[in-house]
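K.L.:
Can you look at this prediction? I've put the sequence above it.
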4 protein chains.
Amino acid sequence: MRTLAQKMTAEFLGTLFLVTAVVGSGIMGERLAGGNIAIALLANTIATGAALVALILTFGPISGAHFNPAVTLADAMEHGIAWREVPVYILAQCAGGVAGALTAHLMFSQRWYSLSSHQRSGPAQVFSEFVATFGLVSVIWGCSRWQARVVPFAVGCYIVAAYWFTASTSFANPAVTIARSLSDTFVGIRPTDAPLFVVGQLAGALASTLLFRWLVPNLAVHAAEVLIPHSE
Amino acid sequence: MRTLAQKMTAEFLGTLFLVTAVVGSGIMGERLAGGNIAIALLANTIATGAALVALILTFGPISGAHFNPAVTLADAMEHGIAWREVPVYILAQCAGGVAGALTAHLMFSQRWYSLSSHQRSGPAQVFSEFVATFGLVSVIWGCSRWQARVVPFAVGCYIVAAYWFTASTSFANPAVTIARSLSDTFVGIRPTDAPLFVVGQLAGALASTLLFRWLVPNLAVHAAEVLIPHSE
Amino acid sequence: MRTLAQKMTAEFLGTLFLVTAVVGSGIMGERLAGGNIAIALLANTIATGAALVALILTFGPISGAHFNPAVTLADAMEHGIAWREVPVYILAQCAGGVAGALTAHLMFSQRWYSLSSHQRSGPAQVFSEFVATFGLVSVIWGCSRWQARVVPFAVGCYIVAAYWFTASTSFANPAVTIARSLSDTFVGIRPTDAPLFVVGQLAGALASTLLFRWLVPNLAVHAAEVLIPHSE
Amino acid sequence: MRTLAQKMTAEFLGTLFLVTAVVGSGIMGERLAGGNIAIALLANTIATGAALVALILTFGPISGAHFNPAVTLADAMEHGIAWREVPVYILAQCAGGVAGALTAHLMFSQRWYSLSSHQRSGPAQVFSEFVATFGLVSVIWGCSRWQARVVPFAVGCYIVAAYWFTASTSFANPAVTIARSLSDTFVGIRPTDAPLFVVGQLAGALASTLLFRWLVPNLAVHAAEVLIPHSE
């Protein structure tokens, strides 16, 4: 049994390291890639996916390792977390995300924050965020009930893929979106573009949760079921 | 026990996301790689392999996560799926694949579909598809009976390798082949080249299934056997 | 209980696909990398490591998935395989390796074989092969007794690393060395350089096996022991 | 039950191969990357992360696979290792690290050692090492009590990420820092810069250990607890 303070700390630290990984590897990648953006994004992708695996394994047993308000809200809809804990989780995630951007800036000797000028707007970008978050939450719902041990690997793999298959590089996380609006670097997003990203993300999480209510009924009953082979 | 509608939805969604990953990461890779095709293909490879791991983990417990008519047919030959469900599976896979190409095009602000002009013909290409699908189905048969939990990782790893060791970049999937004929991008295939690809794929799947009938007799009996150490 | 014919087929097919992965991804990587050898080797590395994971998972339950005469000899020294089966294993591996090179050449529309002109000689190269194979066999001995399930991943990871940390790109396998001498491509080795590579490999395998006899005494007794935490 | 000599050998060999992987892949990457440092670092990253997974799996059951004085000290603080064994561990790690640099130099036909001229100084670098080691030790504490089987993968993934998200490329290990000061290559560090790196590393390890004492109380009691799902 963890106390709420312990859970908050885990969500804060986890989101901090996640955003540090995203922003820091973006800075390092851009510095070293000699103008080849694909190589910079490849480094950014691998660092983010690997960080997610390590961080979910590390903090999962304490707080569930959400690091993401969209995931916390989806989890609350399915009674995986009590609604009264939701605001605390989201606050810890947003604060951790901002602290993570600051940590990255300090390590790379940059100003501690700077509003991003990286434009990411238009319906295709918002649709990308819808798809990205729909997929992320689907992966979580699809894996977590039957085979919770693989969730860290599934989420890490999913984000690695989604960085490349969405036009927005798959933020898929409101807390990370806010933090990235405070970083005028490779991975930033203009503050004015952030709200629609969050709307797309929450819509994707909601759509996925409603779908999986039908796709995986009686979730609790199947909790111990074996995996991959047809579950008939 | 899943209903057929739930299985169809899983196959549709899984194949949709798989093709979105293939096509979307192909577009992103080509856009950013500055003309270095190896870097574009590396991004395409990593995104596809990672997506496969996440998607098989997510939808495997619902439908078996075939996403591939060649796998469904091989599974039916071995009585893993009832023959009456086969047409439904294949229909869902093909529809999902086409929807996946559309989704990728929409996210990247391209026309919703365009016939590919990417030539992939000649006996070496068709032989490549035979080898690619023979290997894929062998991996599935080799792993799934003894150690089903590792199938998602084995398949993801196999496709990552096969993208590079086959001259055709290893489509190895009729539904994905059809979908890629509708995408005039990095990963496309001319509609006129698609039928022979499918022939090579089905021949590879058939050859592997016949071989593994001899290689792993009494499959059901060995289902609970331990792995890796010599199984004597 | 597998028959010897089934084991031979597994060793033949596994080594075939392994060499196809090495040679094929070498050709593809060199063709696409635009002269940047690091990118070609990165593709070659990822394809080889991923193929190893998939192939060991696939054929491990049938034959033990050696694919490597040095591993077979080390295993026989520790009574993991009967000495009378050793020549059959090595024959299947060498034949599979040659067939793998041919398969890759056919897929890429090259002559079915060509003696390599890629020079790899000198004491530093032979020392590299000693180190590479010492490490490979150590990984196998270190993992296989306590935690056989992770061997495929440990071996795949090891080879990915060793491609880059040895000056010889870590052949570490006599059957693969022979096969690569028949491929005048990126991954080839001059036939005249092959014998000393094999000597270095066998010496490395022998040294590691003798060391682990002392490092892990009473192997059988510890078979069921838990892992990673200090095994006291 | 392992003898201290066996544990020392495991720590020596493991740290040797770890540093060989770091230094060797750095040399190979720089030689082949044609001046694109991002590609060289990508190769260096993948080789190091993959080596860590293989080496922790291999030597973990014998010595715990610390390979790192900061980890050994943190482990002793929590009574995971007896204090009287600590000096022996650290000695074996430092000797192994130096031997690893030599091995890499020999394989690549370089002078057996050379003092590095690679400047890595300033508060941002030292802060990076604090963050890097804080994260590394957190990953170990977070994973090892509940789910020791995943520690090798979690640590490998963490280091892959940390290479890119810290400005210092995350040495995070005093023994490796000493060894790298003896290698005037891509991965070296000036001997005069090494002491502050070690200070940052030890401070990070200490801070993480104190935090996790509060975050995960009654560690022993929870040892058998299931993972990822909220541990309430």
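P.N.:
Nice, thanks for sending it over. Residues are numbered from 1 along each chain as shown, chains lettered A, B, ... in the order given.
K.L.:
per-residue confidence for the residue lying closest to residue A:94 once chain neighbours are set aside?
P.N.:
Excluding the flanking residues, the one nearest residue A:94 by C-beta to C-beta, 6 or more residues apart in numbering or on different chains is residue A:175, at 4.8 Å. C-beta here means a position set from N, CA and C on the backbone, and glycine is covered the same way. pLDDT, residue A:175: 98.
K.L.:
From residue C:170, how far off is residue A:175?
P.N.:
42 Å (C-beta to C-beta, to the nearest Å).
K.L.:
Which one's more surrounded, these two?
P.N.:
residue A:175 (31 against 25; other C-beta atoms under 10 Å in any protein chain shown).
K.L.:
In this structure the more buried one contacts residue A:91, no?
P.N.:
No: Residue A:175 lies out of contact with residue A:91 (C-beta atoms under 8 Å); the separation is 9.6 Å.
K.L.:
The closest residue to chain C within chain A: helix or strand, and which one exactly?
P.N.:
The nearest approach of chain A to chain C comes at residue A:39, 8.9 Å away (C-beta to the nearest C-beta). Residue A:39 belongs to helix A:37-63 when elements are defined using DSSP states H and E.
K.L.:
what residue is smack in the middle of chain A?
P.N.:
Nearest residue to the geometric centre of chain A (C-alpha atoms, centre = their mean): residue A:173, 4.5 Å.
K.L.:
how about that one, what does it touch?
P.N.:
The contact partners of residue A:173, taken as C-beta atoms under 8 Å, 6 or more residues apart in numbering or on different chains, are A:67-71, A:133, A:201.
K.L.:
There's contact between residue A:155 and residue A:140 in this structure, I believe.
P.N.:
Yes: judged on C-beta under 8 Å, residue A:155 makes contact with residue A:140 at a distance of 6.8 Å.
K.L.:
Which residue is the nearest non-sequential neighbour of residue A:83?
P.N.:
Once flanking residues are discounted, residue A:83 sits nearest to residue A:76: 5.3 Å by C-beta to C-beta, 6+ apart.
K.L.:
so what's the one you found up against?
P.N.:
By C-beta under 8 Å, 6+ apart, the residues touching residue A:76 are A:82-83, A:86.
K.L.:
secondary structure element for it?
P.N.:
Applying DSSP H and E, one finds residue A:76 within helix A:69-77.
K.L.:
Extract the CA atoms of that helix and return them as CSV.
P.N.:
Extracted in CSV, the C-alpha atoms of helix A:69-77 (Å, rounded to 0.1, in the frame of the first residue of the first chain):
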residue,chain,number,x,y,z
PRO,A,69,-3.2,12.9,-17.7
ALA,A,70,-4.9,11.2,-20.7
VAL,A,71,-4.0,7.8,-19.3
THR,A,72,-5.0,8.8,-15.7
LEU,A,73,-8.4,10.0,-17.0
ALA,A,74,-8.9,6.8,-19.0
ASP,A,75,-7.9,4.8,-16.0
ALA,A,76,-10.4,6.6,-13.8
MET,A,77,-13.2,6.0,-16.3
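K.L.:
quick one, helices of chain A?
P.N.:
A:4-32, A:37-63, A:69-77, A:86-107, A:123-144, A:151-165, A:174-180, A:194-215 (DSSP state H).
K.L.:
Redo those helices as CSV? Include distance to residue D:119.
P.N.:
Listed next are those as CSV, based on distance: least, C-beta to C-beta, whole Å:
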stretch, distance to residue D:119
helix A:4-32, 16
helix A:37-63, 22
helix A:69-77, 42
helix A:86-107, 17
helix A:123-144, 40
helix A:151-165, 33
helix A:174-180, 31
helix A:194-215, 38
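K.L.:
out of those, nearest to residue B:129?
P.N.:
helix A:151-165 (23.0 Å; C-beta to C-beta).
K.L.:
Is that closest one in proximity to chain C?
P.N.:
No: on the criterion C-beta under 8 Å from any C-beta of the partner chain, helix A:151-165 is out of touch with chain C, staying 11.3 Å away.
K.L.:
what's the offset of that helix from the middle of its chain?
P.N.:
The chain centre lies 10 Å from the centre of helix A:151-165; the measure is C-alpha atoms, centre = their mean, to the nearest Å.
K.L.:
Now do it against helix D:123-144, angle only.
P.N.:
Orientation of helix A:151-165 against helix D:123-144 (axes from the mean of the first three to the mean of the last three C-alpha atoms, to 10 degrees) gives an angle of 130 degrees.
K.L.:
which other helices and strands contact helix A:151-165?
P.N.:
helix A:37-63, helix A:123-144, helix B:4-32, helix B:37-63 (3 or more C-beta pairs under 8 Å, 6 or more residues apart in numbering or on different chains; DSSP states H and E).
K.L.:
tell me the angle the first one makes with helix A:69-77.
P.N.:
Spelled out, that is helix A:37-63. With the same axes, to 10 degrees defining the directions, helix A:37-63 sits at 40 degrees from helix A:69-77.
K.L.:
what angle do helix A:37-63 and helix A:86-107 make?
P.N.:
Using the same axes, to 10 degrees, the inter-axis angle of helix A:37-63 relative to helix A:86-107 is 140 degrees.
K.L.:
Show me what the mean pLDDT comes to for helix A:37-63.
P.N.:
On average, helix A:37-63 scores 96.
K.L.:
got the contact list for residue A:191?
P.N.:
Taking C-beta under 8 Å, 6+ apart, we find residue A:191 in contact with A:115-116, A:181.
K.L.:
Model confidence score at it, please.
P.N.:
pLDDT for residue A:191: 97.
K.L.:
Roughly how far does it sit from residue A:177?
P.N.:
Applying C-beta to C-beta to residue A:191 and residue A:177 gives a distance of 10 Å.
K.L.:
what do you get for residue A:16?
P.N.:
As judged by C-beta to C-beta, residue A:16 and residue A:177 stand 15 Å apart.
K.L.:
And residue A:224, what's its pLDDT?
P.N.:
Looking at residue A:224, its pLDDT is 35.
K.L.:
Check residue A:228 too.
P.N.:
pLDDT recorded at residue A:228 is 29.
K.L.:
Same question for stretch A:116-130: list its buried residues.
P.N.:
Going by neighbour count (16 or more other C-beta atoms under 10 Å in any protein chain shown), the buried part of stretch A:116-130 is A:116, A:120, A:124-130.
K.L.:
let me fix that: stretch A:80-98
P.N.:
Buried, per 16+ other C-beta under 10 Å, within stretch A:80-98: A:80-81, A:85, A:89-90, A:92-98.
K.L.:
roughly how far apart are residue A:191 and residue D:193?
P.N.:
38 Å.
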